[in-house]
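S.K.: Sharing a model that was predicted from the sequence below.
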Amino acid sequence: MKVNFILNHHEVSYEVSPSEVLLESLRKHHIVSVKRGCDTSTCGVCTVLLNGKPVLSCSVLTASIEGKHVITVDGIPDEIEKIASYFGEEGADQCGFCNAGLALTIYALKNENPHPTDDEIKHYVVGNLCRCSGYQAQFLAIKHYLGGAK
């Protein structure tokens with residue numbers, strides 16, 4: 001079946017099977033910035049933005065995104081560069097495997113709630129797991145990116 005959607009601000013058309021998830025479709029089309037993690041919707045590594053909201057691409061059927069907008073880190077390079085610089089300053093990048101999914105999540109948070117409280121930040125990113133860090137450096141980097149969230 002053919003699915004038409006907007007990927008990183010460009011119209012695309014993918015031929016997919018009815019059971020194919022978005023993660024598979026993107027990687028099949030060489031969008032390798034979207035990582036494969038757990039395949040059980042528990043780690044957040046495969047996060048993309050679907051109509052501006054973070055979703056786990058391993059649990060979204062590609063057939064369900066007809067006409068929708070999908071953003072990966074490739075679609076917002078300036079913001080990703082800012083986020084990466086804050087992560088680097090705080091020593092929060094570790095191995096970097098989870099960074100793309102987390103970066104998209106905090107970019108969505110900034111758009112949805114530009115001045116979140118600490119608890120709102122923690123709640124928003126709870127689905128993004130990092131197996132390298134203790135999260136404190138990431139949290140500080142997120143706060144700096146958001147402009148000193150209260």
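M.R.: Great, that's in hand. No experiment lies behind these values; they were computed from the predicted model shown.
S.K.: for this structure, what are the low-confidence residue spans?
M.R.: 97, 148-150 (pLDDT under 70).
S.K.: Strands of that one, residue ranges please.
M.R.: Using DSSP state E, the strands found in the chain span residues 2-7, 10-15, 47-50, 53-56, 69-71.
S.K.: Highest mean neighbour count across those strands, which stretch is it?
M.R.: Burial of these is given as mean neighbour count (mean count of other C-beta atoms under 10 Å); strand 47-50 ranks first at a mean of 24. C-beta here means a position set from N, CA and C on the backbone, and glycine is covered the same way.
S.K.: what pairs with that one, and is each one parallel or antiparallel?
M.R.: Within its sheet, strand 47-50 is paired with strand 53-56 (antiparallel), strand 69-71 (antiparallel), according to DSSP bridges.
S.K.: can you give me how far the first one is from the chain middle?
M.R.: It stands for strand 53-56. Averaging C-alpha positions (C-alpha atoms, centre = their mean, to the nearest Å) puts strand 53-56 7 Å from its chain's average.
S.K.: Touching it from outside, list them.
M.R.: Identification of contacts with strand 53-56 by C-beta atoms under 8 Å, 6 or more residues apart in numbering yields 22, 41, 44, 46-49, 101, 104-105, 108, 127.
S.K.: and the residues you listed, which of them are in helices?
M.R.: Here DSSP state H is the test, and the contacts of strand 53-56 give 22, 101, 104-105, 108 as lying in helices.
S.K.: picking that back up, how about the strands of the chain in a markdown table, adding distance to Val32?
M.R.: Formatted as a markdown table, the strands of the chain follow (distance: least, C-beta to C-beta, whole Å):
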| stretch | distance to Val32 |
| --- | --- |
| strand 2-7 | 14 |
| strand 10-15 | 16 |
| strand 47-50 | 13 |
| strand 53-56 | 17 |
| strand 69-71 | 15 |
